[in-house]
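Asks: next input, structure requested:
(chains A and B)
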Amino acid sequence: MYLQTLFIALSEIRRNAMRSFLTVLGIIIGVSAVIIMSTIGQGATAKVTADIAKLGSNMLSIRPGQMRGPGGASSEARPLEMADVESIEREIANLEAVAPTSTKGVTVVYGNTNWSTSVIGTTNQYLSVRDWTLAEGRAFSEGEMRAGKMVCIIGETVRKELFGGQSPVGEKIRIGRQSCRVAGVLGAKGLSSFGSDQDDTILIPLEAFQRKIGGNRDIGRIYLSVNEGASTEKAQEDISRLLRERRRIRPNEGDDFSVFDMKEVSDTMTGTTEVLTTLLSAVAAVSLLVGGIGIMNIMLVSVTERTREIGIRLAIGAREYEVLLQFLVEAVVLSTLGGITGIILGVSCSFGLTKLLNVPYVLDPLMIVIAFIFAFAIGVLFGFFPARKAARLNPIDALRHE
Amino acid sequence: MSISGTEIKKGTGEIPLLEFQDVTKIYGQGLAEMKALRGVNLSVSEGEFVAVMGPSGSGKSTCMNILGCLDTPTSGEYLFRGSLVGGLSRDERALLRRHYLGFIFQGYNLLGRTSALENVGLPLLYRRIPAQQRRAHSMEALRIVGLEGLEKHTPAELSGGQQQRVAIARAIVTRPSLLLADEPTGNLDTERSREIMDLLASFNRDLHITIVMVTHEPDMAAYARRIIHFKDGLVASDNTNGGGA
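Replies: Residues are numbered from 1 along each chain as shown, chains lettered A, B, ... in the order given. The predicted structure follows:
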């Protein structure tokens, strides 16, 4: 009995190849669209989250002046100095590392290749604050830092540009007019979330920078990291208070320095990706809906067209449930076929797209299940209920249906 | 054959195959009420060939639908081989159609995009006849109606006359007790019509299938041995036709 109904249903599917194909197509589009959208959305979220982790979310940075729009620090602000760094190290609790930095754009030369980059004068603490690893060589020694020797640790981009395949450790390069020995190479970080190349940098001891490159004792920016579990907000407040005191700012005056909390930045970015994910989910939901309406239309139209067929079957002696079972089996077979094809298409397309967009491939099984169930339910519902209506007609009315 | 307790006896000749006892059929309600049948008494014996005639709206089609268990009377009784049909459920009536009745319609009512062979085999499919036998029976039925070699053709590839032959083959492939034909030649020219009528007459004569046929063409009615005229929902005349086929 069931075998025979299955046989009737399958021969109906084959008999109406075009209609079957269109139904299946609707389901395929709905299911694969949802899978693609959600995979890309989640891939993007995963990438941004990873970027934030690379940035270090327990990091603070201090710079002189107040941010005034995109102009950056106001020039009148007094620069920071080494005494500020020492005072912060002494007074502020829960600090993991404090790294004073000064930066300047320079041209570096090795042999007959040269490269424009920025050189950062800092201490070894910078590596731990910014989460840098060493790919090759070593960090600065105590003696080098104290004496301000011209040694440097170069970023991956600089290494590639200057040395190509050659190992740079121990080689001498020229930074501006100064000769400098390469002590180590930083592990590659890639682009930052803001799109700048984090590997395009050179580190030298702060003392060396101040004497040979910067020409003054100013500190451009201080990076700090707080201990795991400690509050960055608390550290930010303490630092502000300390610096106001040191810089003798009266209570009614504004700060002439800024303390950035990376956590705020990362929160903003997490918020942005959440919006992105929501947006993509909405698009996915719309495509599922559109796919669903497509399925619905074809099913409704075909049932209208098939009311006569139902009439013929009833007149010949088919029972109501036999006709219904046939339509149910047809709808189930088509929906399953479309659903599975949609999953295969969606998964492979999203795999390709994530490779193309350079985001991690995150497959969400729940999304696949939801998409499949939704498309399946629409296919079966709209295949089944109009058929039920037709099968309940008097056979003679179904036969006369135009 | 037992349909949930309703025993349908083999024809004995004493009990009529079909019997209408004061059958009425009313469509609509209130002011829109339309009395299609106003108390029809009728009886058809096994082996008869009956033509039902009458102007449109006279109730002949309604009568056919009730005979074919496609519709139910508002009041009165319809007995099929002495068993009451009125008390049967939809599904039981479907089974009665499946096992005892064959239909021919004016509009053929074949499944589109389906080969003649599959169309003819459809009633056998619902009777759970195995594929091999189904094929053999369907081929035989197609041969009887003269469509040998056209079994792979779909309705769209066949002429009107050929389509009606496929429909006839489908109706007789189960060797029904009763063949109901609703204007079987309504869409065909005279020559095709005669061929169809010759076929029907031969079924009645050789296969002993009882036939009730609605027609409005006296030429076609002439093939039947009994002609019933309907008028205003009642049997106006019921005559034995001397001529026959």
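
Asks: for chain B, give me the ranges with low pLDDT.
Replies: By pLDDT under 70, the weakly predicted segments of chain B are B:1-13, B:242-245.

Asks: go on, the stretch 201-350 of chain A?
Replies: Those would be none, if you go by pLDDT under 70 across the stretch 201-350 of chain A.

Asks: identify the residue spatially nearest to the residue in it that chain B sits nearest to, adjacent ones excluded.
Replies: Per C-beta to the nearest C-beta, residue A:317 is where the stretch 201-350 of chain A lies closest to chain B, at 2.5 Å. Quick note: C-beta positions are derived from backbone N, CA and C, even for glycine. Spatial nearest neighbour of residue A:317, chain neighbours left out: residue B:98 (2.5 Å); criterion: C-beta to C-beta, 6 or more residues apart in numbering or on different chains.

Asks: just list the residues touching the one you found, thanks.
Replies: Residues counted as contacts of residue B:98 (C-beta atoms under 8 Å, 6 or more residues apart in numbering or on different chains) are A:316-318, B:123, B:126-127, B:174.

Asks: likewise residue A:290?
Replies: Neighbour list for residue A:290: A:29-30 [criterion: C-beta under 8 Å, 6+ apart].

Asks: are any of the contacts of residue B:98 buried, and which?
Replies: Neighbour-count burial (16 or more other C-beta atoms under 10 Å in any protein chain shown) is assigned, among the contacts of residue B:98, to A:316-318, B:123, B:126-127, B:174.

Asks: and these, which two are furthest apart?
Replies: Taking C-beta to C-beta, the two most distant members of these are A:318 and B:174; they sit 13.2 Å apart.

Asks: about what we covered before: is the residue nearest to residue A:317 in a helix, a strand, or coil?
Replies: Assigned with DSSP: H, G, I helix; E, B strand; the rest coil, residue B:98 falls in the helix class.

Asks: and the residue of the stretch 201-350 of chain A closest to chain B, what does it touch?
Replies: Contact analysis of residue A:317 by C-beta under 8 Å, 6+ apart lists B:94-99, B:101, B:123, B:126-127.

Asks: please identify the residue most distant from the middle of chain B.
Replies: Distance from the C-alpha centroid of chain B peaks at residue B:31, with 32.6 Å (C-alpha atoms, centre = their mean).

Asks: pretty sure that residue sits in a helix.
Replies: Yes - counting by three-state DSSP, residue B:31 is part of a helix.

Asks: from chain A, how far off is it?
Replies: Counting by C-beta to the nearest C-beta, to the nearest Å, the gap from residue B:31 to chain A is 22 Å.

Asks: helices of the chain, residue ranges please.
Replies: You didn't pick a chain, so chain A it is. Secondary structure of chain A (DSSP state H): helices at A:2-15, A:17-55, A:82-91, A:125-129, A:142-147, A:156-163, A:206-208, A:232-246, A:262-316, A:320-357, A:365-391, A:395-400.

Asks: chain B, not that one
Replies: B:60-67, B:90-100, B:116-126, B:131-144, B:160-172, B:190-206, B:218-221.

Asks: what's the closest of those to residue A:100?
Replies: helix B:116-126 (87.9 Å).

Asks: just want the angle from the closest one to helix B:160-172.
Replies: Angle of helix B:116-126 versus helix B:160-172, following axes from the mean of the first three to the mean of the last three C-alpha atoms, to 10 degrees, is 20 degrees.

Asks: burial count for the closest residue to residue A:212 other than its chain neighbours?
Replies: Once flanking residues are discounted, residue A:212 sits nearest to residue A:178: 4.9 Å by C-beta to C-beta, 6+ apart. Look at residue A:178: counted by other C-beta atoms under 10 Å in any protein chain shown, it has 16 neighbours.

Asks: state the distance from residue A:178 to chain B.
Replies: Distance from residue A:178 to chain B, by C-beta to the nearest C-beta: 86 Å.

Asks: equivalent analysis for residue A:5, please.
Replies: In terms of C-beta to the nearest C-beta, residue A:5 sits 10 Å off from chain B.

Asks: OK, contacts around that residue?
Replies: Neighbours of residue A:5 in contact, by C-beta under 8 Å, 6+ apart: A:322, A:325-326, A:329.

Asks: ok, so of those, who is nearest residue A:348?
Replies: Set against residue A:348, the nearest of these by C-beta to C-beta is residue A:329 (28.7 Å).

Asks: and chain B, which of its residues are near chain A?
Replies: Neighbours of chain A within chain B, by C-beta under 8 Å from any C-beta of the partner chain: B:65, B:68, B:70-71, B:90-91, B:94-99, B:101, B:103, B:105, B:109-111, B:113-114, B:118, B:122-123, B:125-128, B:170.

Asks: just the buried subset of those residues, please.
Replies: Neighbour counting over the residues of chain B next to chain A (16+ other C-beta under 10 Å) leaves B:65, B:68, B:70-71, B:90, B:94-99, B:101, B:103, B:105, B:109-111, B:114, B:118, B:122-123, B:125-127, B:170 as the buried ones.

Asks: residue A:38: which of the buried ones among the contacts of residue B:98 is nearest?
Replies: After measuring the buried ones among the contacts of residue B:98 against residue A:38 - C-beta to C-beta - the closest member comes out as residue A:318, at 42.7 Å.

Asks: hmm, that closest one is touching residue B:126, no?
Replies: Yes - under the criterion of C-beta atoms under 8 Å, residue A:318 makes contact with residue B:126 at 5.3 Å.

Asks: what count of nearby residues applies to the nearest residue to residue B:77 once chain neighbours are set aside?
Replies: Of all residues not flanking residue B:77 in the chain, residue B:21 sits nearest, at 4.3 Å (C-beta to C-beta, 6+ apart). Residue B:21: 17 surrounding residues under other C-beta under 10 Å.

Asks: tell me how far the closest residue to chain B within the stretch 51-200 of chain A lies from residue B:53.
Replies: Per C-beta to the nearest C-beta, residue A:51 is where the stretch 51-200 of chain A lies closest to chain B, at 57.5 Å. Counting by C-beta to C-beta, to the nearest Å, the gap between residue A:51 and residue B:53 amounts to 88 Å.

Asks: residue B:201 too?
Replies: Residue B:201 is 17 Å from residue B:53, where distance means C-beta to C-beta.

Asks: more neighbours: those two, which one.
Replies: Between residue B:201 and residue B:53, residue B:53 has the larger neighbour count (other C-beta under 10 Å), namely 22 against 17.

Asks: can you tell me which residues contact the residue nearest to residue B:77?
Replies: When contacts are counted by C-beta under 8 Å, 6+ apart, residue B:21 touches B:41, B:76-79.

Asks: got a list of what residue A:271 touches?
Replies: Contacts of residue A:271 by C-beta under 8 Å, 6+ apart: none found.

Asks: how about the residue nearest to the spatial centre of chain B, nearest residue that isn't a chain neighbour?
Replies: In chain B, the residue lying closest to the centroid (C-alpha atoms, centre = their mean) is residue B:180, at 0.9 Å. Here the nearest residue to residue B:180 in space, its sequence neighbours aside, is residue B:68; by C-beta to C-beta, 6+ apart that works out to 4.8 Å.

Asks: that neighbour reaches residue B:94, doesn't it?
Replies: No - using C-beta under 8 Å as the test, residue B:68 is too far from residue B:94 to be in contact (11.5 Å).

Asks: quick revisit: of the contacts of residue A:317, just say which sits nearest to residue B:194.
Replies: The nearest member of the contacts of residue A:317 to residue B:194, counting by C-beta to C-beta, is residue B:101 at 25.1 Å.

Asks: dump the residue contacts of the closest one.
Replies: Counting by C-beta under 8 Å, 6+ apart, residue B:101 touches A:317, B:68-69, B:176-180.

Asks: what does residue A:319 give?
Replies: B:90-91, B:94-95.

Asks: count of neighbours near residue A:377?
Replies: Using other C-beta under 10 Å, residue A:377 has 12 other residues around it.

Asks: also residue B:61?
Replies: By other C-beta under 10 Å, the residues close to residue B:61 number 19.
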